[in-house]
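Asker: Predicted structure and sequence below. I'll ask about it afterward.
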Amino acid sequence: MTADQNDFAKNVFINCPFDRAFAPLLRPLIFTVIYLGYTPRIATERSDSGEARINKIREIVEQSKLSIHDISRIRSAQKNEFYRMNMPFELGVDIGCRFFKEGHAREKKCLILEKEKHRYQKALSDMSGSDIKNHNDEPEELVRQVRNWFVENEIQHADSGTKIWEIFNEFMADFYEKRQEEGFNNKDLEKMPLPEYIRFIQEWLKQRNR
């Protein structure tokens, strides 16, 4: 684990789908977290076939003061498709850690994202009354909602959601151009491991802010 990953106050557990369909939302989500000065923590940050995934999730949850849970894909999209249950399960693990673990776990805070307002109540009625934000499957709106949540809970000042979205698009244009110059094709970029993508964001922002 790196020094940054060991910083409870700056760690953000991200619980969402990691498939191709969600990539247009996941990439700006991760960028926004890093742009605001925090460290995204994801279950795929290391790959050890001998380690149970739930053990990694438990460890990351315990090490993260903040968490972002996107439950917009819990509904099946077509006939005979199963519900996506990993996201609500990991949400339950995270909330349980806050309720039942002593010490700084009581400081934990989470943002729950959905596609449409109040839709989650049909599947997770126990969360009724919770402040859940919706992004309508629009990446720019997701950036805005995440930015606003950080300002409401953690930081006093931040660039606007519009500006962060513009800088994200600037990054992505540069990212694709430079990676293709380095020999990455579209399939390489589509299947790039998230820890590698995160490092590229961190390095790019460091260079930009010099």
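Answerer: Alright, I've got the coordinates.
Asker: where do the helices sit along this structure?
Answerer: For the chain, the helices defined by DSSP state H occupy 23-35, 53-63, 86-100, 139-153, 161-181, 186-190, 194-208.
Asker: can you give me the angle the second one makes with helix 86-100?
Answerer: So the one you mean is helix 53-63. Helix 53-63 runs at 50 degrees relative to helix 86-100, counting by axes from the mean of the first three to the mean of the last three CA atoms, to 10 degrees.
Asker: Then the longest one?
Answerer: Relative orientation of helix 161-181 versus helix 86-100 (the same axes, to 10 degrees): 120 degrees.
Asker: roughly how far is helix 161-181 from the heart of the chain?
Answerer: On the basis of CA atoms, centre = their mean, to the nearest Å, helix 161-181 sits 18 Å off its chain's mean C-alpha point.
Asker: go on, the third one?
Answerer: Taking the mean C-alpha point of helix 86-100 and that of its whole chain, the gap between them comes to 15 Å (CA atoms, centre = their mean).
Asker: and what of the first one?
Answerer: Between the mean C-alpha location of helix 23-35 and the chain-wide mean there is a distance of 7 Å, by CA atoms, centre = their mean.
Asker: again, but for stretch 96-116
Answerer: Offset of stretch 96-116 from its chain centre (CA atoms, centre = their mean): 14 Å.
Asker: if I look at Tyr176, how far off is Leu189?
Answerer: Distance of Tyr176 to Leu189, given as CB to CB, to the nearest Å: 7 Å. Any C-beta I mention is one placed from the backbone N, CA and C, and that applies to glycine too.
Asker: what's the answer for Leu142, then?
Answerer: Computed as CB to CB, the Leu142 to Leu189 distance reads 20 Å.
Asker: Show me which of those two is the more surrounded one.
Answerer: More crowded of Leu142 and Leu189, by other CB atoms under 10 Å: Leu142, with 26 against 13.
Asker: Can you check the pLDDT for the nearest residue to the more buried one once chain neighbours are set aside?
Answerer: Distances taken as CB to CB, 6 or more residues apart in numbering place His135 nearest to Leu142, at 4.0 Å, with adjacent residues excluded. Looking at His135, its pLDDT is 94.
Asker: swap in Ile112?
Answerer: At Ile112, pLDDT is 93.
Asker: and what of Arg210?
Answerer: pLDDT recorded at Arg210 is 76.
Asker: and it, how many neighbours?
Answerer: Arg210 is flanked by 5 other residues according to other CB under 10 Å.
Asker: Across the sheet, point out what pairs with the nearest residue in space to Asp7 that is not next to it in sequence.
Answerer: Distances taken as CB to CB, 6+ apart place Thr39 nearest to Asp7, at 6.7 Å, with adjacent residues excluded. Counting by DSSP bridges, Thr39 is bridged to Asn11.
Asker: right, and Thr39 touches Phe13 too?
Answerer: No - counting by CB atoms under 8 Å, Thr39 does not reach Phe13; the two are 10.1 Å apart.
Asker: Those two: which has the busier surroundings?
Answerer: Phe13 (25 against 21).
Asker: what residues are up against that one?
Answerer: 41-42, 60-61, 64, 66-68, 94 (CB atoms under 8 Å, 6 or more residues apart in numbering).
Asker: Which member of these is positioned nearest Leu194?
Answerer: Distance to Leu194 across the contacts of Phe13 (CB to CB) is lowest for Ile42, with 5.7 Å.
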